[in-house]
Each structure stands twice: as structure tokens, then as C-alpha cells.
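*Asks:* Build me a structure from this.
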Amino acid sequence: MTVSNLPEDYGSLLLEVKERIGAGQYQALRAVNKELIGLYRDIERLIVERQAHLIEKRYEVSGV
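*Replies:* Below is the predicted model of the structure:
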């Protein structure tokens, strides 16, 4: 099929497909970022809890 044999609305169809792909990629990126932010917050919570536990143990051992 040559360019001259393409349907008249082929350009608009191609543009719509490209826009939908771009929108889908953007939504996927947002979903991934949301999950990563949740993961990093959970890791932060684990670290803070562990540090607090270690500080409590030091005070218990030192008798303060």
C-alpha cells in the first residue's frame, strides 16, 4: 500500500492512536510513582522504628 492508497482519515486515526498511547503511558507512570512513594514511606517508617528501638535499648542498658 502506498501513501496515495491510504484512506482519507488515516492521519487523524494515527494521531488519535498516538495520543491514546501517550495518555496510557502517562497514567502508567503516575501509578508507578504512586507505588514507589508508598514504598519509600514504608521503608522510612521501618528505619525510624528501628532507630527508636535501638535508642530505647541504649537507655535501658545505660540505666538512664
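
*Asks:* From now on I want contacts and neighbour counts done on CA atoms only, so please keep to that.
*Replies:* Noted.

*Asks:* Assign a three-state SS to Pro7, would you?
*Replies:* coil (DSSP: H, G, I helix; E, B strand; the rest coil).

*Asks:* Can you get me a residue count around it?
*Replies:* Pro7 has 9 neighbouring residues, counting by other Cα atoms under 10 Å.

*Asks:* Then Glu56?
*Replies:* 12.

*Asks:* Start at 16, not 1
*Replies:* In the new numbering, first residue 16, that becomes Glu71.

*Asks:* Could you report the separation of it from Gly26?
*Replies:* Glu71 is 68 Å from Gly26, where distance means Cα to Cα, to the nearest Å.

*Asks:* what's the distance between Val32 and Lys72?
*Replies:* Counting by Cα to Cα, the gap from Val32 to Lys72 is 60 Å.

*Asks:* Let me fix that, I meant to ask about Ile36.
*Replies:* 54 Å.

*Asks:* Arg65 too?
*Replies:* For Arg65 relative to Lys72 (Cα to Cα), the value is 11 Å.

*Asks:* so where do the strands sit in this protein?
*Replies:* Ranges of strands in the chain, per DSSP state E: none exist.

*Asks:* Low-confidence ranges, the protein, go.
*Replies:* For the chain, the stretches with pLDDT under 70 are 16-18, 78-79.

*Asks:* quick one, helices of it?
*Replies:* Using DSSP state H, the helices of the chain run over 25-77.

*Asks:* and Leu28, how many neighbours?
*Replies:* Other residues close to Leu28 by other Cα under 10 Å number 12.

*Asks:* And for Ile62?
*Replies:* Based on other Cα under 10 Å, the number of other residues close to Ile62 is 12.

*Asks:* Could you do the one 3 residues further on as well?
*Replies:* For Arg65, the neighbour count with other Cα under 10 Å is 12.

*Asks:* Kindly report the same for the one 3 residues further on.
*Replies:* One way to gauge burial is a neighbour count; for His68, by other Cα under 10 Å, it gives 11.

*Asks:* distance of it from Leu28?
*Replies:* 60 Å.
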